[in-house]
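[1] predicted model follows, preceded by the sequence.
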Amino acid sequence: MIVSTISQGLLWTVLSLGIFMTFRILKFPDMTTEGSFPLGGAVAVTLLTNGVHPILATLVAMIAGCLAGLVTGLLYTKGKIPTILAGILVMTSCHSIMLMIMGRANLGLLHRSVIQDLLPFSDSINSLLLGFISVVLVIGLMYFFLHTRLGQAYIATGDNPDMARSFGVHTSKMELMGLVVSNGIIALAGALIAQQEGYADVSRGLGVIVVGLASLVIGEVLFGNPTMLERLIAIAVGAILYQFLILAVILMGVNTSYLRIFSAIILAACLMIPEFKEKVLKGVKLTR
């Protein structure tokens, strides 16, 4: 159970890393997440059921997510549609696209080879190893990118777009790129999780943005004010801890149908911790 929870946490880390690219760096609340995540799973599972190699199916799923992010980016940067509305439009459209791709609301992977089957160990160890490899690759690539000149321009766009423009940065291109990359990573998470769970469902994306944000915030609360690499690692730690919190809720006998409300409560509590912490510190100073 512990190994399964850690492997789940590692795969959900990939989702949180994708959300980090827009939510934290660009300060962009991208609702496309709830469309690109199940879209990645739908594309991967459909290709796998048609005999496509698992690695190729996963890569195509990533491309599908990138395309969803591209559409959101174009609606926002070129169409001047507000951020949240652009994401909602694409998220809603993804539902119909998934139905077209799968031909039904859900699709299983019974007796089909999946990406973790390419590893030589037992199913549980393969899932754990796949999660670890995925997280290391995504964190490594993100860390490398964010330390390039292009990555620094991307960070500057999120920090202060007016100043970034004054230095010649095309902020609209940075925002477009961020949405494409972010949703590609999120679709990768959707593809990997769908292969681990053995099915894809058009409603699988409902509430995933809360899961991703909860993992993100838990890591930030624990690590305080870290460096960029520490922030990325903190997201992985937060995602694993979040999965253990959910496991604890399940072991308490709570109906799994109500897990989303507990996800929302965990996220709300984590978001309030810094405020309570600040008030406590102020109180301590006043008493002195």
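    Done, it's in. Residues are numbered from 1 along each chain as shown.

[2] strands of the stretch 101-250 of the chain, start to end?
    Here the stretch 101-250 of the chain has its strands, by DSSP state E, counting those that start in this stretch, at 106-108, 199-201.

[3] out of those strands, flag the one nearest Gly238.
    Taking C-beta to C-beta, strand 199-201 is the member of the strands of the stretch 101-250 of the chain nearest to Gly238, at 25.2 Å. Yep, even glycine has a C-beta here, placed from its N, CA and C like the rest.

[4] buried set for that closest one?
    Ala200, Asp201 (16 or more other C-beta atoms under 10 Å).

[5] can you put the strands of the stretch 101-250 of the chain in CSV and add mean pLDDT and distance to Leu247?
    Compiled in CSV, the strands of the stretch 101-250 of the chain are given as follows (pLDDT from 0 to 100; distance: least, C-beta to C-beta, whole Å):
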stretch, mean pLDDT, distance to Leu247
strand 106-108, 91, 24
strand 199-201, 92, 21
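
[6] between the ones you listed, which gets nearest to Met31?
    Closest to Met31 of these, according to C-beta to C-beta: strand 199-201, at 18.7 Å.

[7] paired strands for the closest one, with orientation please.
    strand 106-108 (antiparallel) (DSSP bridges).

[8] could I get the buried residue list for the strand it pairs with?
    For strand 106-108, a neighbour-count test (16+ other C-beta under 10 Å) marks Leu107 as buried.

[9] chain center to it, what's the gap?
    In terms of C-alpha atoms, centre = their mean, to the nearest Å, the centre of strand 106-108 is found 22 Å from the chain centre.

[10] how about residues contacting it?
    Ala42, Val45, Thr46, Thr49, Gly198, Tyr199, Ala200, Asp201, Val202 (C-beta atoms under 8 Å, 6 or more residues apart in numbering).

[11] hmm, try it at 10 Å
    With contacts defined as C-beta atoms under 10 Å, 6 or more residues apart in numbering, strand 106-108 is touched by 41-42, 45-46, 48-49, 98, 101, 194, 197-204.

[12] please pick the buried ones from those.
    41-42, 45-46, 48-49, 98, 101, 194, 197, 200-202, 204.

[13] sort out for me which of those are in helices.
    Per DSSP state H, helices hold the following members of these: Gly41, Ala42, Val45, Thr46, Leu48, Thr49, Met98, Ile101, Ala194, Glu197.

[14] ok, the third one - contacts?
    Going back to what we said before, that points to Val45. For Val45, the contacting residues are 57, 61, 101-102, 106-109, 112, 114, 190-191, 194-195, 197-201, by C-beta under 10 Å, 6+ apart.

[15] switch the cut-off to 7 Å
    Leu107, Leu109, Ala194, Tyr199, Ala200 (C-beta atoms under 7 Å, 6 or more residues apart in numbering).

[16] what sits against the third one?
    Okay, so that is Ala194. Ala194 sits in contact with Gly41, Ala44, Val45, Ala200, where contact means C-beta under 7 Å, 6+ apart.

[17] thinking Ile139 is in contact with Leu232, fair?
    Yes - in this structure Ile139 lies within contact range of Leu232 using C-beta atoms under 7 Å: 4.7 Å.

[18] who has more neighbours, the two?
    Per other C-beta atoms under 10 Å, whichever of Ile139 and Leu232 has more neighbours is Leu232, with 22 against 19.

[19] what about the more buried one, distance to Ile185?
    Separation of Leu232 from Ile185 (C-beta to C-beta, to the nearest Å) stands at 12 Å.

[20] and if you look at Phe23?
    As defined by C-beta to C-beta, Phe23 lies at a distance of 12 Å from Ile185.

[21] neighbour count: these two, which is higher?
    Remark: of Phe23 and Ile185, Ile185 carries more neighbours, 27 against 20, as counted by other C-beta under 10 Å.

[22] excluding covalently adjacent residues, which one is nearest to the more buried one?
    Nearest residue to Ile185 in three dimensions, chain neighbours excluded: Gly18, at 3.4 Å (C-beta to C-beta, 6 or more residues apart in numbering).

[23] confirm that that neighbour sits in a helix.
    Yes - membership of Gly18 in a helix is supported by DSSP: H, G, I helix; E, B strand; the rest coil.
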